[in-house]
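1. next come a sequence and a model predicted from it.
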Amino acid sequence: MTAISSTPEWAALADHSRALAGAHLRDLFAADPARGETFVAEAGDLYLDWSKNRVTAETMGLLVELARRAGLRARIDAVFAGERVNVTEGRPVLHVALRAPQGATVMVDGENVVADVHRVLDQMAAFARQLRARQWLGHTGRPVVNVVNIGIGGSHLGPAMAASALRDFADRGLTVRFVSNVDGADFAEATRDLDPLQTLFVVASKTFTTSETLTNARTARQWLLAAAGGDEAAVARHFVAVSTNAVEVSAFGIDPANMFVFWDWVGGRYSMCSAIGLPLMVAIGPDNFAAMLAGAHEIDEHFRTAPFEANLPVLMGLLGVWYRNFMGLTSHAVLPYSEALGLLPAYLQQLDMESNGKSVTLDGQPTAWDTGPVLWGTPGTNGQHAYFQLLHQGTTVVPCDFVGFVEPGTSPPGHHDLLMANFFAQTEALAFGRTRGEVEAEGVPAEQVPHRTFAGNRPTNTLLAPRLTPAVVGQLVALYEHKVFTQGVIWQVNSFDQWGVELGKVLAGRIHPELVASGDGPEPLLAHDSSTNALIGRYRAGR
Ligand code: F6P
């Protein structure tokens with residue numbers, strides 16, 4: 001494979017970036033006053049305004065050429081055709097099949113997986129309906145009214161984000177919580193006010209070997225059994241599992257009849273539309289869950305078929321490549337102007353950074369170019385009173401996605417217009433700033449003028465949707481999934497493995513016995529570096 005940085009398309013962009021280096025968004029809007037109406041694209045309910053980026057039509061043309069050179073069209077087709085695009089794990093990557101409508105065909109190893117997908121969706125819906133009707137009874141015959149998901153990473157962040165986003169659509173009579181951290185405070189806090197005999201745990205783990213999840217699940221079992229007089233039969237009414245690994249689920253003691261499967265062609269961070277979404281489906285109901293899947297499918301089809309120039313995930317992916325590789329910017333912020341979407345950045349951190357935080361290409365060569373940025377963000381307007389100072393006047397430029405909604409949801413009167421006034425004001429201020437002349441004209445004392453001047457030229461995307469609905473959550477998820485894939489194709493990395501998380505797990509497995517070795521016996525022989533040895537020694541001494 002030709003290194004992407006050795007292609008003429010890359011060189012053309014490098015030249016172009018030098019030519020455009022001095023251009024200010026003020027100049028770009030002056031040269032093309034209508035760009036706010038033309039540098040836009042729509043798909044589903046999402047309206048993307050990308051006009052406040054430091055690009056021209058020529059830039060986008062060159063970026064699209066780069067995408068063509070990288071073979072993006074063929075790679076998209078390979079994903080949808082079920083090819084084994086996750087080469088280091090030898091797997092297809094088919095989260096798009098999770099939201100394919102009944103009757104569609106997606107073949108894996110000669111089998112149409114869509115039928116299986118809908119069989120599990122039906123199983124989930126039957127379970128969710130029972131719970132929502134308070135007909136799923138606990139060990140003592142009382143209805144389960146609390147659902148606690150135990151899972152981490154992709155088995156936590158997606159459903160937790162969506163359950164928060166869609167809380168206005170949820171049955172508020174059910175308590176749905178999420179436990180992820182092996183810090184026992186997480187479990188203790190999530191269960192402190194719950195009755196074990198009315199609580200059901202969803203143990204969610206693709207591999208069912210993740211130590212944090214299994215530790216929390218064992219603690220949950222003890223917590224339940226303590227209330228059930230030690231009667232192991234209680235487990236069947238209070239535990240279900242979501243996994244690809246039936247053997248380990250049985251070994252843990254969960255009845256396979258209470259297991260919801262998914263498949264190895266679903267990556268953990270791409271799994272929220274699978275059975276991993278079970279706690280979400282319980283909260284919002286099968287119909288709303290189906291609407292979310294339909295929203296994701298709509299964007300899947302848009303990504304698969306729309307020309308790159310009008311393709312939201314492709315446009316957003318290419319803009320990210322522009323900033324990362326041709327402007328040297330290292331981070332990217334996602335700023336939902338929606339309290340309900342507060343977990344979106346955390347969810348996207350795993351999606352983006354676990355996918356594209358790579359430094360070798362698909363064929364194992366070191367990348368000679370930068371790959372995934374640091375992704376971060378919190379809801380507006382809170383961030384405005386914290387780190388926005390740096391966004392406006394700091395020495396680091398951070399491209400941002402602003403995500404907002406026209407309709408207020410359940411917001412009390414007056415709030416939403418104020419929220420959205422801030423939403424629009426921030427992208428305007430970031431783009432156009434406030435010149436020295438403008439500040440002086442306001443009569444600001446001379447010594448304060450430099451402090452109160454805003455350079456502007458800070459790029460943003462605006463994503464605007466009518467309302468935060470299940471369909472829109474599905475659309476946002478698919479949008480960012482495909483954006484990440486677009487970038488991974490250009491950077492020539494495998495966006496679907498995550499070997500970088502393994503070393504820490506192995507070392508923790510070695511250190512844990514050293515921490516717990518009895519103080520009565522001989523001190524364990526520590527063979528780490530001097531820093532790690534001393535830290536472990538200090539911990540043992542104080543433990
Ligand atoms: O350690 C990283 C990771 O493997 C993620 O990719 C995954 O989403 C998470 O752990 C949880 O894995 P599992 O669902 O197998 O418990």
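-> Everything's here; your move.

2. mind listing the residues bridging to the closest residue to the ligand within the stretch 1-150 of the chain?
-> Ranking the residues of the stretch 1-150 of the chain by distance to the ligand (C-beta to the nearest ligand atom) places Ile150 first, at 9.7 Å. Yep, even glycine has a C-beta here, placed from its N, CA and C like the rest. Beta-bridge pairing for Ile150 (DSSP bridges): Val179, Val203.

3. contacting residues around it?
-> Val179, Ser180, Phe201, Val202, Val203, Ala204, Thr213, Asn216, Ala217, Ala220 (C-beta atoms under 8 Å, 6 or more residues apart in numbering).

4. which one of those is nearest Leu157?
-> Leu157 has its nearest neighbour among those in Ser180, at 8.1 Å by C-beta to C-beta.

5. wait, that closest one sits on Thr215?
-> No. With contacts counted by C-beta atoms under 8 Å, Ser180 stays clear of Thr215, the gap being 11.3 Å.

6. which one of these two is surrounded by more residues?
-> Taking other C-beta atoms under 10 Å, Ser180 and Thr215 do not tie; Ser180 has more neighbours (21 against 14).

7. contacting residues around that one?
-> Residues in contact with Ser180 (C-beta under 8 Å, 6+ apart) are Ile150, Gly151, Ile152, Gly153, His156, Ala160, Asp186, Glu212, Thr213, Asn216.

8. what's the answer for Leu318, then?
-> Contacts for Leu318 (C-beta under 8 Å, 6+ apart) come out as Met60, Leu63, Val64, Leu66, Ala67, Phe308, Thr486, Ile490.

9. got the residue ranges for the strands in the stretch 51-200 of the chain?
-> Secondary structure of the stretch 51-200 of the chain (DSSP state E, counting those that start in this stretch): strands located at 107-108, 111-112, 146-150, 175-179, 199-204.

10. any chance of JSON lines for those strands, columns mean pLDDT and distance to Ala478?
-> Shown next, in JSON lines, are the strands of the stretch 51-200 of the chain (pLDDT from 0 to 100; distance: least, C-beta to C-beta, whole Å):
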{"stretch": "strand 107-108", "mean pLDDT": "92", "distance to Ala478": "20"}
{"stretch": "strand 111-112", "mean pLDDT": "93", "distance to Ala478": "21"}
{"stretch": "strand 146-150", "mean pLDDT": "98", "distance to Ala478": "22"}
{"stretch": "strand 175-179", "mean pLDDT": "98", "distance to Ala478": "22"}
{"stretch": "strand 199-204", "mean pLDDT": "98", "distance to Ala478": "21"}
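
11. closest one to Thr462 among these?
-> Among these, strand 175-179 comes nearest to Thr462, with 29.9 Å by C-beta to C-beta.

12. is the ligand contacted by that closest one?
-> No. Using C-beta under 6 Å from any ligand atom, strand 175-179 stays clear of the ligand, with a minimum separation of 12.7 Å.

13. would you mind listing what in the stretch 351-500 of the chain touches the ligand?
-> Proximity of the stretch 351-500 of the chain to the ligand, by C-beta under 6 Å from any ligand atom, involves residues Glu354, Gln498.

14. any idea how far Val247 lies from the ligand?
-> Distance of Val247 to the ligand, given as C-beta to the nearest ligand atom, to the nearest Å: 14 Å.

15. can you pull out the helices in the stretch 51-200 of the chain?
-> 57-69, 72-80, 113-132, 157-165, 184-191 (DSSP state H, counting those that start in this stretch).

16. point out the most buried one among those.
-> Of the helices of the stretch 51-200 of the chain, the one with the most neighbours on average (mean count of other C-beta atoms under 10 Å) is helix 157-165, at a mean of 26.

17. other SSEs contacting it?
-> The contact analysis (3 or more C-beta pairs under 8 Å, 6 or more residues apart in numbering; DSSP states H and E) places helix 157-165 against strand 175-179, helix 278-284, helix 344-348, helix 470-491.

18. one more time with 7 Å, if that's ok
-> Here helix 157-165 touches helix 278-284, helix 344-348, going by 3 or more C-beta pairs under 7 Å, 6 or more residues apart in numbering; DSSP states H and E.

19. hang on, the earlier thing: now render the strands of the stretch 51-200 of the chain as a markdown table, adding distance to Gly377.
-> Converted to a markdown table, the strands of the stretch 51-200 of the chain look like this (distance: least, C-beta to C-beta, whole Å):
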| stretch | distance to Gly377 |
| --- | --- |
| strand 107-108 | 35 |
| strand 111-112 | 39 |
| strand 146-150 | 23 |
| strand 175-179 | 20 |
| strand 199-204 | 25 |
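
20. give me the residue from the stretch 201-350 of the chain nearest the ligand.
-> For the stretch 201-350 of the chain and the ligand, the shortest gap (C-beta to the nearest ligand atom) falls at Gly268, measuring 2.7 Å.

21. wait, doesn't that residue sit right on Gly154?
-> Yes. Using C-beta atoms under 7 Å, Gly268 is in contact with Gly154, at 3.0 Å.

22. residues contacting the helix or strand harbouring Gly404, please?
-> If you go by DSSP states H and E, Gly404 is part of strand 400-405. Taking contacts as C-beta atoms under 7 Å, 6 or more residues apart in numbering, the residues outside strand 400-405 that touch it are 333-338, 341, 391, 420, 423, 426-427, 460-468.

23. go on, stretch 343-362?
-> For stretch 343-362, the surrounding residues in contact (C-beta under 7 Å, 6+ apart) are 1, 87, 153-154, 157-158, 160-161, 164, 269, 334, 336, 366-367, 371-372, 375-378, 480-481, 484, 487-488, 491-495, 498, 500.

24. how about stretch 205-224?
-> With C-beta under 7 Å, 6+ apart as the criterion, stretch 205-224 contacts 150-152, 155, 179, 181-182, 184, 187, 191, 196, 201, 203, 234-235, 238, 243-245, 248-249, 252, 268, 271.

25. buried among these? Make that a ChimeraX selection.
-> Burial among the contacts of stretch 205-224 is assessed by 16 or more other C-beta atoms under 10 Å; the matching ChimeraX selection reads:
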select :150,151,152,155,179,182,187,191,196,201,203,234,235,238,243,244,245,248,249,252,268,271
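
26. out of the strands of the stretch 51-200 of the chain, which is closest to Val444?
-> strand 175-179 (48.8 Å).

27. in stretch 363-382, what's buried?
-> Using 16+ other C-beta under 10 Å as the burial criterion, the residues of stretch 363-382 that qualify are Thr367, Trp369, Thr371, Gly372, Pro373, Leu375, Trp376, Gly377, Thr378, Pro379, Gly380, Thr381.

28. also stretch 100-117?
-> Within stretch 100-117, judged by 16+ other C-beta under 10 Å, the buried ones are Ala100, Ala104, Val106, Val108, Asn112, Val113, Val114, Asp116, Val117.

29. try stretch 222-235
-> Trp223, Leu224, Leu225, Ala227, Ala228, Ala234, Val235.

30. again with stretch 86-102
-> Neighbour counts over stretch 86-102 (16+ other C-beta under 10 Å) mark Asn86, Arg91, Pro92, Val93, Leu94, His95, Val96, Ala97, Leu98, Arg99, Ala100 as buried.
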